[in-house]
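Chemist: Predicted model and sequence below, questions to follow.
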Amino acid sequence: MEELLRRSEKLTTVGQLAAGVAHEIRNPLTTLRGFLQLQQQTGLLNPKHIELMLSELNRINLIVGEFLILAKPQAVQFQKTDIRFILRDVISLLDSQAHLYGVEFETQITDQPVPVFCEENQLKQVFINLLKNAIEAMPGGGHIFIELCLSGENVKIVIKDEGTGMSPDVLAKLGEPFFTKKASGTGLGLMVSQRIIQSHNGLLDIESKEGEGTTVTILLPWAAHAENPGTAGAPEGELQSG
Ligand code: ADP
Ligand code: MG
């Protein structure tokens, strides 16, 4: 948990984030501009160029998409929702993608209702981000263990993979915007997930060993014992660092 605190302190302010977004979007825009100028001057744009332009556009779209979910705090409505259904939805959404990678989900989900005050789409986004990371960490296939249970006054979700794991250097950089080791990564998934869990008064902890795998643990207040964070002092700007 100490690691988690240290990491959340590192989360940048709105200004730094905005500068990062601008920078990340400017690169693909510069490429797009270059190709359009080439076409204007020479008319020599070929299918390979078009393919590159589409992938650059796609990248901009991905970056903007990751932020959209955080960018409309006024629209955020916390509702008491059984988190089992959210988790099951995401698992069935990603099941076929996992199969393609030779990855299988093993679930252990409590039979009890587990109501949580939450914004369903935001929590879905968190589970999608974490499960995608787990799948992407296992290029040779394997198992992802997903556990949902009650733990005291909290709801605990554990996502454990048998993937590449992370070196101490990588672990130290987690949660920094745009930190990615992937050729087509955005490096925003974990930062966005951390923010969402924080705004739900929860905790997100990551343990990882290189060559062995990664375990992500999320604690969220069980609605039976919690106030609705969506009505009581909801965060004003989700992108603000706390
Ligand atoms: P992205 O997936 O776009 O790279 P993330 O914020 O989701 O961005 O993750 C940042 C980096 O953290 C990844 O590039 C990867 O190096 C590392 N990482 C995250 N989750 C895992 C995991 N389950 N196993 C191994 N490495 C991971
Ligand atoms: Mg990711």
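Modeler: Thanks, I have it. Ligands and ions are numbered 1, 2, ... in the order given.
Chemist: Ligand 1 contacts on this protein?
Modeler: Applying the criterion CB under 6 Å from any ligand atom, the portion of the chain that neighbours ligand 1 consists of 129, 133-134, 137, 161, 163-166, 170, 174, 179-182, 185-190, 214. (Glycine included, C-beta is placed from N, CA and C.)
Chemist: Go back to those residues and keep what's next to ligand 2.
Modeler: Residues shared between the residues of the chain next to ligand 1 and the neighbourhood of ligand 2 are N133, G189 [CB under 5 Å from the ion].
Chemist: Tell me which stretches of this structure form strands.
Modeler: 79-82, 103-109, 115-118, 142-151, 154-161, 203-209, 213-221 (DSSP state E).
Chemist: Out of those, which one sits most buried?
Modeler: Between the strands of the chain, the one whose residues have the most neighbours on average, counting mean count of other CB atoms under 10 Å, is strand 115-118 (a mean of 23).
Chemist: And the contacts of that one?
Modeler: With contact meaning CB atoms under 8 Å, 6 or more residues apart in numbering, strand 115-118 is reached by 78-83, 86, 123, 155, 200, 220-224, 226-230.
Chemist: Tell me which of the strands of the chain lies nearest to M53.
Modeler: Of all the strands of the chain, the one in closest proximity to M53, counting by CB to CB, is strand 103-109 (32.0 Å).
Chemist: if we can go back for a sec, make CSV from the strands of the chain and add mean pLDDT to it.
Modeler: Putting the strands of the chain into CSV (pLDDT from 0 to 100) gives the following:
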stretch, mean pLDDT
strand 79-82, 94
strand 103-109, 97
strand 115-118, 95
strand 142-151, 97
strand 154-161, 98
strand 203-209, 97
strand 213-221, 98
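Chemist: between those, which gets nearest to L54?
Modeler: For L54, the closest of those is strand 103-109, at 27.7 Å, according to CB to CB.
Chemist: what sits against whichever residue of the chain sits closest to ligand 2?
Modeler: Among the residues of the chain, G189 lies nearest to ligand 2; the distance is 3.1 Å by CB to the ion. Contacts here follow CB under 8 Å, 6+ apart; on that basis G189 touches E66, N129, L130, K132, N133.
Chemist: Alright, that wraps it up for me.
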